[in-house]
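S.K.: Okay, structure incoming, though there's no sequence with it:
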């Protein structure tokens, strides 16, 4: 059969760390070069597998933070979770030249590409920024002008992952705006929000429901549920509100 | 931990499901046998204890069980009692498929 499409089996790949960059006191970006990488769509994740010398294996899912355009390089931003089984190793131990086992890309639900259109409302809590960053990077690489807003909740300015890049993306004047809320501590002269994301904040910064924006919400479960509920209450269509909860992953 | 804390999105089961199914199931659409709600698997509620061998997918509208899956002792077991139907897209998204020209 000419032109038949064969689906690739989900298999483990060996990626090589080519770059490790500190993003915040607790988070690092790991750029991996994955030779057989089949390409991904912004929003997808990978499973990472660590194997101890005695054969014990631990697996975690991490969202891809890089644009599909960067293939075969894949960037993961990992936040260190105290007492975690996997993240302390990824953040503290892994250095360029090291190899890491991963499989993916995974997921066909929490994804966005420029062809899908907008307007696009992105809401992130903490490291929930990662899959949304892949969307923003993809959007920029495609020179898209789809109206896009990001509402990003972090504990302090130091905890905002990709802060400089977000500022630079927002300064392009291509229809992207970013709003931060710092929930625990704010630098002197801070004019942004300083509380958890709530109804009033969303009413102020989100696109009007009548514009039928696609809403992508990612972060800790309580934040995601509160935001999704508020958006639906405000008249956004449930089918246009997509969520990715982190849950108690154990890091 | 109560159930609400354990709640995830069906999307989180995508990797586990891809161990068995060649197509991505998180982007597949299905109908709840209890309430008739139609939605994507990735958008339903997933309950999965950390380190447990299985997970339960529930309808996000009525919380009825849609799907139960367990991977244990070299076997995968699927209970699909709560789904009236499931429609899987052949090419779920760019990047997950490989086109190959066959000789015949």
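M.R.: That came in fine, so what should we check first? Values in this document were obtained by computation on a predicted structure and should not be read as measured data.

S.K.: In chain B, where is pLDDT below threshold?
M.R.: Low-confidence segments of chain B, defined by pLDDT under 70, span residues B:1-3, B:91-104.

S.K.: What's the nearest residue in it when you look at chain A?
M.R.: residue B:42 (2.3 Å; C-beta to the nearest C-beta). C-beta coordinates here come from the backbone N, C-alpha and C atoms, glycine included.

S.K.: I'd guess that residue is in a strand, am I close?
M.R.: No - remark: residue B:42 does not belong to a strand; assigned using DSSP: H, G, I helix; E, B strand; the rest coil, it is helix.

S.K.: what helix or strand does residue A:47 sit in?
M.R.: strand A:45-51 (DSSP states H and E).

S.K.: What average pLDDT does that strand get?
M.R.: Mean per-residue pLDDT for strand A:45-51: 94.

S.K.: The longest strand anywhere in chain B pairs with which strands, parallel or anti?
M.R.: Identified as the longest strand of chain B according to DSSP state E is strand B:65-72. In the sheet containing strand B:65-72, its partner strands are strand B:54-58 (antiparallel), strand B:75-79 (antiparallel), by DSSP bridges.

S.K.: Columns mean neighbour count on top of the ones you listed, output as JSON lines?
M.R.: JSON lines is the format used below for these (neighbours: other C-beta atoms under 10 Å in any protein chain shown):
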{"stretch": "strand B:54-58", "mean neighbour count": "22"}
{"stretch": "strand B:75-79", "mean neighbour count": "12"}
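
S.K.: Turn the ones you listed into TSV, columns for distance to residue A:115.
M.R.: What follows is those, written out as TSV (distance: least, C-beta to C-beta, whole Å):
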stretch	distance to residue A:115
strand B:54-58	28
strand B:75-79	33
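
S.K.: Not counting residues beside it along the chain, what's closest to the residue of the stretch 51-200 of chain A at minimum distance from chain B?
M.R.: When distances are taken as C-beta to the nearest C-beta, the stretch 51-200 of chain A approaches chain B most closely through residue A:109, which lies 2.3 Å from it. Closest residue to residue A:109 apart from its sequence neighbours, by C-beta to C-beta, 6 or more residues apart in numbering or on different chains: residue B:42 at 2.3 Å.

S.K.: Wait, the one you found touches residue A:106, no?
M.R.: No - taking contacts as C-beta atoms under 8 Å, residue B:42 lies outside contact range of residue A:106: 10.7 Å.

S.K.: can you tell me how far residue B:81 sits from residue A:92?
M.R.: With the distance defined as C-beta to C-beta, to the nearest Å, residue B:81 ends up 45 Å from residue A:92.

S.K.: Equivalent analysis for residue A:98, please.
M.R.: Using C-beta to C-beta, one gets 12 Å for the distance from residue A:98 to residue A:92.
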